[in-house]
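Colleague: Have a look at this prediction, sequence included:
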Number of protein chains: 2
Amino acid sequence: MQKNNELYDKYVRQMQKLADVEYAIGVLSWDKEVSLPPQGARFRSQQVATLSGMAHEIFTAPELGEVIEKLVNDGQELSISQQRNIELSWRDLQRSRKLDMDFVIRRSQLVSAGYHAWIAAREANDFKVFAQPLADLIEIKREEARKMGYEAHPYDALMEEFEPGMRVSQLDPLFVDVREQLVDFVRLIREQPQVNDAFLHQHFPQQQQWDYGLELLKRIGFSFQAGRQDLSTHPFTINFSPEDVRVTTRVDENNFATMTWSCLHEGGHALYEQGLPVEYYGLPLGRYVSLGIHESQSRLWENNVGRSLAFWEAQFPDLQAVFPQQFSGVTPTDFFRAINKIEPSLIRVESDELHYHFHILIRYELEKALIEGSLEVADLRDAWNEKYKAYLDLEVPDDKRGILQDIHWAHGSLGYFPTYSLGSFYAAQLYHQIDQDLPDLQESILRGDTSPVLEWLRKNIHAHGRFYSANDLCEKVCGEPLQFRYFMEYARKKYNSIYDLGL
Amino acid sequence: MQKNNELYDKYVRQMQKLADVEYAIGVLSWDKEVSLPPQGARFRSQQVATLSGMAHEIFTAPELGEVIEKLVNDGQELSISQQRNIELSWRDLQRSRKLDMDFVIRRSQLVSAGYHAWIAAREANDFKVFAQPLADLIEIKREEARKMGYEAHPYDALMEEFEPGMRVSQLDPLFVDVREQLVDFVRLIREQPQVNDAFLHQHFPQQQQWDYGLELLKRIGFSFQAGRQDLSTHPFTINFSPEDVRVTTRVDENNFATMTWSCLHEGGHALYEQGLPVEYYGLPLGRYVSLGIHESQSRLWENNVGRSLAFWEAQFPDLQAVFPQQFSGVTPTDFFRAINKIEPSLIRVESDELHYHFHILIRYELEKALIEGSLEVADLRDAWNEKYKAYLDLEVPDDKRGILQDIHWAHGSLGYFPTYSLGSFYAAQLYHQIDQDLPDLQESILRGDTSPVLEWLRKNIHAHGRFYSANDLCEKVCGEPLQFRYFMEYARKKYNSIYDLGL
């Protein structure tokens, strides 16, 4: 036991050292988005590259590998939590060992080339500029899938990086449901008279929006003792420990929704990070489960709470006091209807919460086909445009508003997109469970008090860190695996009250 | 030659790697002062400690030492600049090797204890709480001086860290001049009627001050493409390359001077860093000469330029337009007199530019005596208070406004204080030289154009990096070593015009 404890302490020290370097990279990256003067970019990239190399060395150093391996093989004396940390670190290490340095360098060169080609293609508004670099990226991702190994589908191997344990065999039925249930449901909505959201598109001064955003973050429980908010071009959440979690937002003076739901979305991510167990700093149990579970936390606050009538029944009077002229004569119900307007859009990140999943469905179908080899990059633009016609009834006018809109493929991130939809589906299922577990939930939210939601999430999701896999966590908390029907139920109920669907 | 070039390239790569880590520590430290949420401090300290350890490992790794040593012994084929880089790195390395790890750890523990005792002593307003930890720090600094080695005085060994090449034998005569010439001169001023500076102490709103500060920085040539300004409790300058140089300031709404001269002072530091040769990133020639030379740059802009009548003849109309009510009826000459008011103060950092050197003189005399062993910590408070009576005619009412006011000793920084006075003396001598070299200088400043000053400094000081020692640089640029008389001449001329001293 003594020996194992010493070994385990050594493991913890090395993992914390690794975390210190990784979080330092995080600070440099945050600073790059929020503070960096233009000319600072050159040496900042070099500084990040140097630290990244050092982090890689720490994790792949033989000493750490030997310590972990010994504890895997002879860890009976460790506690359950310690065993789980070791098990997860061992898995991470084995995965990282499957890719040799030559492959990692080749991949990073292709990613760099792909990113620059994507930028150039966007400027030229022409997918052809990006086609060959993307084909190269697809090829190396197929090679990566073979190296990592898989049982049923090469796409499974790539998803593992973002959503451990998720498989095409589980994802396909979910997206069949999206296609079969959501497409018709949205068509039904679009046959109804449209709601009025003109009052959201007036002039809302920057400073008042900013102050209101901070207030909203406070109200949902974001701790400014352990975090802050700043402005950036693209909103994001980053953390350097559970005690330093940072969100960013952006303000559009002509659209009130941009800042508000960015605050609620990133705020949801941040509440998760602030709730992770600080005693496991640097260890697997101090980290989030998967991108899907992370996204479930942001979507739950953004949509299930933050676009509900109960929430705005409570919050709207204060909002109206901040913008009395803009919201003159608007009722909480008017506001609720406006912020839930359903309208197809070409751009994923501007989509409403129903059409959103068609954007993901399209990307999922396309990237899965690219990886399995049933679709060539040469045919990708046509395939993209056909699917937008089929699922969203939209003609794609050009590549910038079509296939060039997302950075993910240019970054070599294939297998990432589905986690966005998984986030919404998990959020609906979790929120259903919260509603079951807390009979007074709606009354509490109507009083302006969302703390029972946060307490439930802290206890049932956040406190576990990475102890459970996403599937196990869902089963443990909800008593069954992920189901699409909770999202459909949520959507039917909400949009029936907005669009009089007669359901 | 081929072999040497390869070795030299290896040296450069390792030094740049070291710089990358050190500047990453810099970003983490900047963030700590400017952005860190309160609870983030714990893990931030750990992250900085980890990176500091890694930086130490890179610099002291046998491989780097061997490369440098080979190039020292066989570097004939290198260029002059390359040889100088190697020579300076070799000197730095040899210095660092004189302190073994055990000593460094003991010292850092005493510094940590000293810092916390100093905080506690300030809270209790009682030097006795700090006395024993300070005595321990003095003892280890004496040990450090012995380990580092010295010829004439142990204080020389400690100054080497901050002002390489400076010796007690050069500093003593300078401070004799301060004592013999400046004390009487200031007494003469204090016999004259006092100037009126009441209009500086009105209400100046935060935002307008902030905007004006940014404008001032622009006007003296600070590049916001390669830098930024933020707020912090204590103003400072930090850089992560010459292309990312950051200053901070603070705003006192009841005192216009605080923000303005903090901008000019830190701006002067920043202009130096922005002017250092970027091609030597990470190498000695890319760094500043010494703290005294660094301070000469801040003082030159703060005082020689920034408290001159010519500067404000040009700038005051725009300032008056920003604060028309506060400066109603005030002339540039009134303003010039007010910002140069001479009045003794107990606190160093609140001092005018003449009394300032008495504060430094006192600290220099005391810390030199502590290090040579002619003064005991037990007698330090009395000695401090006596000197304030002797040089400034002030009674020290308590320890917070006396011996506990500075953090330097608590940080173990002995030998640092003189660099502040050296900065002013170098600034006066350099500015005299600029005036000689540029016959149109005053006309240009009167037109609001200070760019000839910056160009001169860029060419004569900044561009050399650390190529010359402080003494050599002064001789090269001014034709003679550092002299106190340029500061006295500057002071006599300026204050004669303000206080009618009849000189």
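Modeller: Here it is on my side, so go on.
Colleague: Please make it C-alpha for all contacts and neighbour counts, starting now.
Modeller: Noted.
Colleague: ok, which stretches of the stretch 401-503 of chain A are helices?
Modeller: A:418-437, A:441-446, A:451-460, A:470-478, A:485-499 (DSSP state H, counting those that start in this stretch).
Colleague: Give me the neighbour count for residue A:300.
Modeller: 26 (other C-alpha atoms under 10 Å in any protein chain shown).
Colleague: who's in contact with it?
Modeller: A:268, A:306, A:424, A:427, A:428, A:431 (C-alpha atoms under 8 Å, 6 or more residues apart in numbering or on different chains).
Colleague: rewinding a little: closest to residue B:371 out of the helices of the stretch 401-503 of chain A?
Modeller: helix A:451-460 (56.0 Å; C-alpha to C-alpha).
Colleague: tilt between that closest one and helix A:418-437?
Modeller: Angle of helix A:451-460 versus helix A:418-437, following axes from the mean of the first three to the mean of the last three C-alpha atoms, to 10 degrees, is 110 degrees.
Colleague: now helix A:451-460: mean pLDDT?
Modeller: Here helix A:451-460 scores 98 as its mean pLDDT.
Colleague: Which elements pack onto it?
Modeller: helix A:441-446 (3 or more C-alpha pairs under 8 Å, 6 or more residues apart in numbering or on different chains; DSSP states H and E).
Colleague: contacts for the helix it packs on?
Modeller: Contacts of helix A:441-446 (C-alpha under 8 Å, 6+ apart): A:310, A:311, A:313, A:314, A:434, A:435, A:450, A:452, A:453.
Colleague: Poorly predicted segments of the stretch 351-500 of chain A, please.
Modeller: Under the criterion pLDDT under 70, no range of the stretch 351-500 of chain A is flagged.
Colleague: closest point of it to chain B, which residue?
Modeller: For the stretch 351-500 of chain A and chain B, the shortest gap (C-alpha to the nearest C-alpha) falls at residue A:465, measuring 18.3 Å.
Colleague: mind listing what that residue touches?
Modeller: With C-alpha under 8 Å, 6+ apart, residue A:465 has these contacts: A:276, A:277, A:284, A:285, A:286, A:287, A:288, A:289.
Colleague: try it again with 7 Å
Modeller: By C-alpha atoms under 7 Å, 6 or more residues apart in numbering or on different chains, the contact list for residue A:465 reads A:276, A:277, A:285, A:286, A:287, A:288, A:289.
Colleague: now for the residues you listed, which pair is the farthest apart?
Modeller: The two members of the contacts of residue A:465 with the most space between them (C-alpha to C-alpha) are A:277 and A:289, at 12.6 Å.
Colleague: So the two - more neighbours on which side?
Modeller: Comparing residue A:277 with residue A:289 by other C-alpha under 10 Å, the one with more neighbours is residue A:289, at 24 against 19.
Colleague: Distance of the more buried one relative to chain B?
Modeller: Using C-alpha to the nearest C-alpha, to the nearest Å, we find residue A:289 at a distance of 22 Å from chain B.
Colleague: Just the pLDDT for that residue.
Modeller: According to the prediction, residue A:289 has pLDDT 98.
Colleague: what's the longest helix in chain A?
Modeller: Counting residues, the longest helix found in chain A (DSSP state H) is helix A:2-34.
Colleague: tell me which residues in it are buried?
Modeller: Within helix A:2-34, the residues scored as buried using 16 or more other C-alpha atoms under 10 Å in any protein chain shown are A:4, A:7-8, A:10-12, A:14-33.
Colleague: what's the angle from it to helix B:2-34?
Modeller: On the basis of the same axes, to 10 degrees, helix A:2-34 is oriented at 80 degrees to helix B:2-34.
Colleague: elements contacting helix A:2-34?
Modeller: Contacts defined by 3 or more C-alpha pairs under 7 Å, 6 or more residues apart in numbering or on different chains; DSSP states H and E place helix A:2-34 against helix A:41-60, helix A:62-73, helix B:41-60.
Colleague: Now tabulate the ones you listed in a markdown table and tack on mean neighbour count, distance to residue A:369 and mean pLDDT.
Modeller: Output for the helices and strands packed on helix A:2-34, formatted as a markdown table (neighbours: other C-alpha atoms under 10 Å in any protein chain shown; distance: least, C-alpha to C-alpha, whole Å; pLDDT from 0 to 100):
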| stretch | mean neighbour count | distance to residue A:369 | mean pLDDT |
| --- | --- | --- | --- |
| helix A:41-60 | 17 | 32 | 94 |
| helix A:62-73 | 16 | 36 | 95 |
| helix B:41-60 | 17 | 43 | 94 |
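Colleague: can you map out the strands along chain A?
Modeller: Using DSSP state E, the strands found in chain A span residues A:227-231, A:237-241, A:244-249.
Colleague: Give the buried subset of the contacts of residue A:465 as a ChimeraX selection command.
Modeller: Remark: buried members of the contacts of residue A:465, expressed as a ChimeraX selection using 16+ other C-alpha under 10 Å:
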select /A:276,277,285,286,287,288,289
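Colleague: quick check, distance from stretch A:489-503 to the centre of its chain.
Modeller: 26 Å (C-alpha atoms, centre = their mean, to the nearest Å).
Colleague: Going by neighbour count, list what's buried in that stretch.
Modeller: A:490, A:491, A:492, A:494, A:495, A:498, A:499.
Colleague: In TSV, list the helices of the stretch 401-503 of chain A along with distance to residue B:127.
Modeller: Compiled in TSV, those are given as follows (distance: least, C-alpha to C-alpha, whole Å):
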stretch	distance to residue B:127
helix A:418-437	58
helix A:441-446	55
helix A:451-460	47
helix A:470-478	57
helix A:485-499	67
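Colleague: hey, which of those is tucked in deepest?
Modeller: Greatest average neighbour count among the helices of the stretch 401-503 of chain A goes to helix A:418-437 (a mean of 22), per mean count of other C-alpha atoms under 10 Å in any protein chain shown.
Colleague: how big is the angle separating that one from helix A:485-499?
Modeller: Angle between the axes of helix A:418-437 and helix A:485-499 is 80 degrees (criterion: the same axes, to 10 degrees).
Colleague: Please write out the alpha-carbon positions of helix A:418-437 in PDB.
Modeller: Provided in PDB are the C-alpha atoms of helix A:418-437 (Å, rounded to 0.1, in the frame of the first residue of the first chain):
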ATOM      1  CA  PRO A 418     -22.500  15.300 -33.900                       C
ATOM      2  CA  THR A 419     -21.600  16.400 -30.300                       C
ATOM      3  CA  TYR A 420     -23.600  19.500 -30.900                       C
ATOM      4  CA  SER A 421     -26.800  17.600 -31.500                       C
ATOM      5  CA  LEU A 422     -26.000  15.100 -28.800                       C
ATOM      6  CA  GLY A 423     -25.700  18.100 -26.400                       C
ATOM      7  CA  SER A 424     -29.300  19.200 -27.200                       C
ATOM      8  CA  PHE A 425     -30.700  15.600 -26.900                       C
ATOM      9  CA  TYR A 426     -28.900  15.000 -23.600                       C
ATOM     10  CA  ALA A 427     -30.100  18.400 -22.400                       C
ATOM     11  CA  ALA A 428     -33.700  17.600 -23.200                       C
ATOM     12  CA  GLN A 429     -33.400  14.200 -21.400                       C
ATOM     13  CA  LEU A 430     -31.700  15.700 -18.400                       C
ATOM     14  CA  TYR A 431     -34.100  18.500 -18.100                       C
ATOM     15  CA  HIS A 432     -37.000  16.000 -18.300                       C
ATOM     16  CA  GLN A 433     -35.400  14.200 -15.400                       C
ATOM     17  CA  ILE A 434     -34.900  17.400 -13.400                       C
ATOM     18  CA  ASP A 435     -38.500  18.200 -13.900                       C
ATOM     19  CA  GLN A 436     -39.400  14.700 -12.500                       C
ATOM     20  CA  ASP A 437     -37.000  15.000  -9.600                       C
END
